[in-house]
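Peer 1: can you look at this prediction? I've put the sequence above it.
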Amino acid sequence: MTWTAPPVTRPEGSLTADERAMTVDFLAWQRSTLLLKCAGLTAEQLVQRSVAHSGLSLLGLVRHLGKVERIWFRERFAGQSVDRLYSTEEWKDADFEDLKPEQAEADYARFLDECRLADEAVADASLDDTFMLNGEAASLRLIYLHMIEEYARHNGHADLLREGIDGVTGE
């Protein structure tokens with residue numbers, strides 16, 4: 001029996017929260033939107049490249065965004081010494097290219113774990129707290145805004161991929 005991505009309910013955020021809470025809620029909504037695009041699909045469907053001339057797949061997006069969560073929140077901001085997920089010096093795009101249906105459940109779980117660990121890494125930080133990025137001070141706010149943008153762009157890709165797999169469209 002093949003693994004199927006579980007159903008997802010997107011969180012409802014406050015329309016009047018303070019900046020930190022609203023920013024965190026927007027990222028949570030984008031994260032869950034990606035998983036919503038995967039919900040109900042089999043591992044084989046998740047690795048399917050459904051857009052002609054593209055190497056993108058839903059599982060590749062899940063793997064890529066898990067890697068990006070790790071890099072920005074844990075490695076760059078929190079300064080944690082963590083190995084890179086999937087990609088290596090020799091194989092930069094392994095997160096998109098080295099896909100195996102039998103690994104889909106573990107990759108999905110790893111994504112959820114990376115989101116949890118990212119949230120833990122910044123739980124006590126202010127949006128104004130800084131870290132060094134290419135020799136300049138950058139804020140946690142920058143990371144959140146970048147991540148919301150990263151998810152929004154890739155969720156657009158996920159819309160097209162999902163429609164190509166089974167015709168499902170919408171939020």
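Peer 2: Perfect, I can see it now.

Peer 1: other SSEs contacting the helix or strand hosting L142?
Peer 2: According to DSSP states H and E, L142 maps onto helix 140-166. The criterion is 3 or more Cβ pairs under 8 Å, 6 or more residues apart in numbering; DSSP states H and E, and the helices and strands that helix 140-166 contacts are helix 19-38, helix 58-69, strand 130-133. C-beta here means a position set from N, CA and C on the backbone, and glycine is covered the same way.

Peer 1: which strands and helices sit next to the shortest one?
Peer 2: Under the contact criterion of 3+ Cβ pairs under 8 Å, 6+ apart, strand 130-133 touches strand 136-139, helix 140-166.

Peer 1: coming back round to it: what's the angle between the helix holding L142 and helix 19-38?
Peer 2: With axes from the mean of the first three to the mean of the last three Cα atoms, to 10 degrees as the basis, helix 140-166 and helix 19-38 are set at 20 degrees to each other.

Peer 1: buried residues in helix 140-166?
Peer 2: The neighbour-count check on helix 140-166 (16 or more other Cβ atoms under 10 Å) flags 140-144, 147-148, 150-151, 154-155, 157-159, 161-162, 165 as buried.

Peer 1: ok now it, how far from the chain's centre?
Peer 2: Taking Cα atoms, centre = their mean, to the nearest Å, one finds helix 140-166 lying 8 Å from the centre of the chain it belongs to.

Peer 1: now do stretch 44-51
Peer 2: Stretch 44-51 sits 17 Å away from the centroid of its parent chain (Cα atoms, centre = their mean).

Peer 1: can you list the residues that contact that stretch?
Peer 2: Outside stretch 44-51, the residues that touch it by Cβ atoms under 8 Å, 6 or more residues apart in numbering are 2, 5, 38, 55-60, 62, 99-101, 104, 160-166.

Peer 1: before we move on, back to that, closest to V122 out of the helices and strands packed on helix 140-166?
Peer 2: helix 19-38 (8.9 Å; Cβ to Cβ).

Peer 1: got the angle between that closest one and helix 58-69?
Peer 2: Orientation check (the same axes, to 10 degrees): helix 19-38 against helix 58-69 gives 160 degrees.

Peer 1: quick check: what element follows helix 19-38 along the chain?
Peer 2: Next along the chain after helix 19-38, taking DSSP H and E as the criterion, comes helix 43-46.
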